[in-house]
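> sequence and predicted model, in that order:
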Amino acid sequence: MLTPENMAAIKLTLELASCVTLILLILGTPLAWWLARSKSKWTAPVGAVVALPLVLPPTVLGFYLLLAMGPNGYLGQVTVALGLGTLPFTFWGLVVGSCFYSLPFVVQPIQVAFQSIGNRPLEIAAILGAGPFDRFMTVALPLAKPGFLTATILGFAHTIGEFGVVLMIGGNIPNETRVVSVQMYDHVEALAYDQAHTLAAAMILFSFFTLLSLYSYQKASSRAKTSFGISI
Amino acid sequence: MIEMLKKKRSTLIKVRLTQGENIQRDFSLDIDASLSVPGVVGIFGESGSGKTTFLRCIAGLTRLGSAVVKFNDEVWQNDEIFIPTHQRSIGYVFQEDGLLPHLTVEKNIEYALRRNKKTSIKGLYEKVLLILGIENVLDVFPDQLSGGERQRVSIARSLLQQPGILLMDEPLASLDERRKREILPYLERISKHFDIPILYVSHSVEEIARLADNVLVFKQGRIVEKGPPNSVFASENSLIGLSDEVGVVFDGDISAWDENWELSTVTTGCGDLFIPKAGTVVGAKIRVRILAKDVSLIETPQSQSSILNQLPAEVVELSKDQNTAMSLVRVRVKSEQLVARISRKSIEQLKIVPGKSLWIQIKAAAVLN
């Protein structure tokens, strides 16, 4: 049913989304913790920067990333100095771009979950003798679990759906940067509607079941009083 | 008697808190307390009087810039040092929601035990669980417990930490009357069975009178009164705003029990009082509370009165009541003092002045334990 080109695009998309989600969970957790707990005056501007990809056209983001990652950009100079070459039009370039693009979808649910824990459980843990890292690992993380689940699903799903950023910094190289959304665009351009139909149907089914599992979980755990909301 | 003579560990806590009015406009703190704590020290005051802040500063949960906190020889906080909460030897019972919500009762206790490696006292675990009656809820998550059970688990967990001092912040305030009565006996047992100094914060006269060996009264961020409960609660200084609760507390012994009328005779510093069902065991010690509104004054004893307790008294002083139609009259009855709350008109009619001899009638007396 799916042609080898379509299969390759799906495989590449899933790899990209997995990498991006993993990286964002690792980097986004401390960022979300800081945004949720810090009394610094910098939380508001940093929070706004994190939310920017929600409102910016992806092409704007892609344009700046392209410049930054190019041979004359700051990021590009670093990667060249490290002997990695430049990132645009490579898989890892897409990973970096997607991390920016999907950042709010991972950080915000975790931040909301951390905020909804409140001070009390952490105070209890301190009274019981737990130091700051101990409290984070044994109280904050377990209590924010629903937020992490939402963050994982939204980050993953959102990376799969991106198009503008990919087109700007990734181009259209088979097995390297040709993800499903770009493949779809190609099919339509080439008037290959049959192939476009099967790919589109596969994407709709995938997206539907991803969201269905999220909402079913949300409903089941609504007792846990944890908000899943995305807020700008 | 043996219970009374048992040597209690004495702990010295020094706290000095000052907080300027810049933080909250109507609130400033100026507290300098040096507490020697064997047994239970009650911290009493209206809400907003600074008593919770006082406790949170001792725990290190609130950090006031200029505070000084010393625990025996350890400095917990001064201008240079701030020992974080998890390194202080404290137990803390919150008003409510004091359990980690994602852990069962047993895991909550384990969480504390694993982080407080003290020499384990043989049988302590079983004893605490038994005394607080929580052996049957170990596998249960906090949200499936009743409010009273949650507080009992909190208390058990903090006892098992074997802290240097146990801080309790209105542990009963979130419970209804029935649950309060259910838990008070557990709290009494704790101070009897465990040699642990307790700071007990409450705005309830009854709780403090029942539990505390000594009382600090907080008002608008200051300590206005301190001493044993009987002297503190007779002082109107402690009780402004609570005129219905002005009264005295003192200890007595049951000296007789009349089975026919179900009356106990209680020997106190002001003489023998008849109190219905105060206790049947002769020799038992009880604590009695007499509210000012339950005390009336008469010129001469009346044989035709329904009131059993009539005692000769001497007026010590008069003071204002919050209700401007009423006055508080402090009287001496033998070695104790009582307070009567009567109308200003009666003061005029009976010509009540300090030094005057008259009689008091006690309409009701509450037995606190």
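Arrived safely, thanks for sending.

> so A:A200 makes contact with A:Y185?
No - A:A200 lies out of contact with A:Y185 (C-beta atoms under 8 Å); the separation is 11.3 Å. For the C-beta atoms, the positions are set from N, CA and C on the backbone; glycine is no exception.

> what pLDDT is listed against the residue in chain A that chain B sits nearest to?
Closest residue of chain A to chain B, C-beta to the nearest C-beta: A:G129 (3.3 Å). A:G129 is assigned 94 on the pLDDT scale.

> and it, what does it touch?
B:H86, B:A112, B:R115, B:N116, B:Q161 (C-beta atoms under 8 Å, 6 or more residues apart in numbering or on different chains).

> closest to chain A out of the residues you listed?
B:R115 (3.3 Å).

> tell me who's in contact with that closest one.
Contacts of B:R115 by C-beta under 8 Å, 6+ apart are A:L128, A:G129, A:A130, A:D134, B:H86.

> cutoff 10 Å now
Contact analysis of B:R115 by C-beta atoms under 10 Å, 6 or more residues apart in numbering or on different chains lists A:A125, A:I127, A:L128, A:G129, A:A130, A:G131, A:D134, A:T138, B:H86, B:Q161.

> burial count for the last one?
Think B:Q161. 22 (other C-beta atoms under 10 Å in any protein chain shown).

> and it, how far is that from B:V128?
Distance, B:Q161 to B:V128, by C-beta to C-beta, to the nearest Å: 10 Å.

> what ranges do the helices span in the chain?
No chain was given, so I picked chain A. Ranges of helices in chain A, per DSSP state H, are A:4-37, A:43-55, A:58-69, A:74-81, A:91-117, A:120-127, A:132-135, A:141-143, A:145-160, A:164-169, A:180-189, A:193-220.

> hm, I was asking about chain B
Counting by DSSP H, the helices of chain B are B:2-5, B:51-59, B:105-115, B:124-132, B:147-160, B:177-193, B:205-211, B:229-232, B:236-239, B:344-350.

> and the ones you listed: which comes nearest B:A365?
Nearest to B:A365, of all the helices of chain B, is helix B:205-211, at 12.4 Å by C-beta to C-beta.

> elements contacting the worst-scoring helix or strand of chain A on mean pLDDT?
Least confident element among the helices and strands of chain A, by mean pLDDT, DSSP states H and E: helix A:193-220 (a mean of 87). Secondary-structure packing of helix A:193-220 (3 or more C-beta pairs under 10 Å, 6 or more residues apart in numbering or on different chains; DSSP states H and E): helix A:4-37, helix A:145-160, helix A:180-189.

> output the last one as PDB, restricted to C-alpha atoms.
Below are the C-alpha coordinates for helix A:180-189, written out as PDB (Å, rounded to 0.1, in the frame of the first residue of the first chain):
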ATOM      1  CA  VAL A 180       6.100  13.100   5.800                       C
ATOM      2  CA  SER A 181       4.800  16.600   5.500                       C
ATOM      3  CA  VAL A 182       7.400  17.500   2.800                       C
ATOM      4  CA  GLN A 183       6.700  14.200   1.000                       C
ATOM      5  CA  MET A 184       3.000  15.100   1.000                       C
ATOM      6  CA  TYR A 185       3.800  18.400  -0.600                       C
ATOM      7  CA  ASP A 186       5.900  16.700  -3.200                       C
ATOM      8  CA  HIS A 187       3.100  14.200  -4.100                       C
ATOM      9  CA  VAL A 188       0.600  17.000  -4.600                       C
ATOM     10  CA  GLU A 189       3.000  19.100  -6.600                       C
END
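
> pull out the buried residues from that helix.
Going by neighbour count (16 or more other C-beta atoms under 10 Å in any protein chain shown), the buried part of helix A:180-189 is A:V180, A:S181, A:V182, A:Q183, A:M184, A:Y185, A:D186, A:H187.

> how is chain B divided into domains?
As given by automatic domain parsing, the domain ranges for chain B are B:8-227, B:248-367.

> deepest of these, which one?
Each of the domains of chain B was scored by mean neighbour count; the highest is domain B:8-227, a mean of 18, by mean count of other C-beta atoms under 10 Å in any protein chain shown.

> average model confidence for it?
pLDDT averaged over domain B:8-227 gives 85.

> check stretch B:248-259 too.
87.

> tell me the contacts of residue 191?
Went with chain A since none was named. A:L191 touches nothing, counting by C-beta under 10 Å, 6+ apart.

> that answer is for a different chain, and I need it for chain B
With C-beta under 10 Å, 6+ apart, B:S191 has these contacts: B:K8, B:G39, B:V40, B:L166, B:P197, B:I198, B:Y200, B:L211, B:A212, B:D213.

> again, only using 8 Å
Applying C-beta under 8 Å, 6+ apart, the residues near B:S191 are B:G39, B:V40, B:I198, B:L211.

> about what we covered before: pipe the contacts of B:R115 into JSON lines and attach distance to A:K11 per row.
Converted to JSON lines, these look like this (distance: C-beta to C-beta, whole Å):
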{"residue": "A:A125", "distance to A:K11": "44"}
{"residue": "A:I127", "distance to A:K11": "51"}
{"residue": "A:L128", "distance to A:K11": "48"}
{"residue": "A:G129", "distance to A:K11": "49"}
{"residue": "A:A130", "distance to A:K11": "44"}
{"residue": "A:G131", "distance to A:K11": "44"}
{"residue": "A:D134", "distance to A:K11": "41"}
{"residue": "A:T138", "distance to A:K11": "38"}
{"residue": "B:H86", "distance to A:K11": "48"}
{"residue": "B:Q161", "distance to A:K11": "54"}
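
> for A:R135, which non-adjacent residue is spatially closest?
A:A125 (4.5 Å; C-beta to C-beta, 6 or more residues apart in numbering or on different chains).

> from B:S264, how far off is the one you found?
Relative to B:S264, and taking C-beta to C-beta, A:A125 is found at 48 Å.

> one more: A:L94?
Taken as C-beta to C-beta, the span from A:L94 to B:S264 is 86 Å.

> then A:M137?
58 Å.

> likewise A:M203?
84 Å.

> same thing with B:V201?
Relative to B:S264, and taking C-beta to C-beta, B:V201 is found at 32 Å.

> same deal with A:V20?
Distance from A:V20 to B:S264, by C-beta to C-beta: 78 Å.

> spit out the contact partners of B:G39.
B:K8, B:S191, B:P197, B:I198, B:D213, B:N214.

> so for it, what's the nearest residue that isn't a sequence neighbour?
Using C-beta to C-beta, 6+ apart, the nearest residue to B:G39 is B:D213, at 4.0 Å.

> verify the stated contact: the one you found with B:P38.
Yes - with contacts counted by C-beta under 8 Å, B:D213 reaches B:P38, the gap being 7.3 Å.

> report the contact partners of the nearest residue to B:G147 once chain neighbours are set aside.
If the residues on either side of it in the chain are set aside, B:G147 comes closest to B:L175, at 5.2 Å by C-beta to C-beta, 6+ apart. Under the criterion of C-beta under 8 Å, 6+ apart, the neighbours of B:L175 are B:G147, B:G148, B:Q151, B:I183.

> around chain A, which positions in the stretch 151-300 of chain B sit nearby?
Proximity of the stretch 151-300 of chain B to chain A (C-beta under 8 Å from any C-beta of the partner chain) is limited to residues B:R157, B:S158, B:Q161.

> scratch that, the stretch 1-150 of chain B
B:59-61, B:84-86, B:90-92, B:94, B:97-102, B:111-112, B:115-116.

> okay, and which of the residues you listed map to strands?
B:I90, B:G91, B:Y92 (DSSP state E).

> so the first one sits against B:A59, correct?
What that stands for is B:I90. Yes - using C-beta under 8 Å, B:I90 is in contact with B:A59, at 5.4 Å.

> shared neighbours, those two?
Common neighbours of B:I90 and B:A59 (C-beta under 8 Å, 6+ apart) are A:I127, B:L167.

> got a list of what residue 106 touches?
Assuming you mean chain A. A:T21, A:L24, A:L25, A:G28, A:A151, A:T152, A:L154, A:G155.

> I was thinking of chain B, sorry if that wasn't clear
Applying C-beta under 8 Å, 6+ apart, the residues near B:E106 are B:L138, B:D139.
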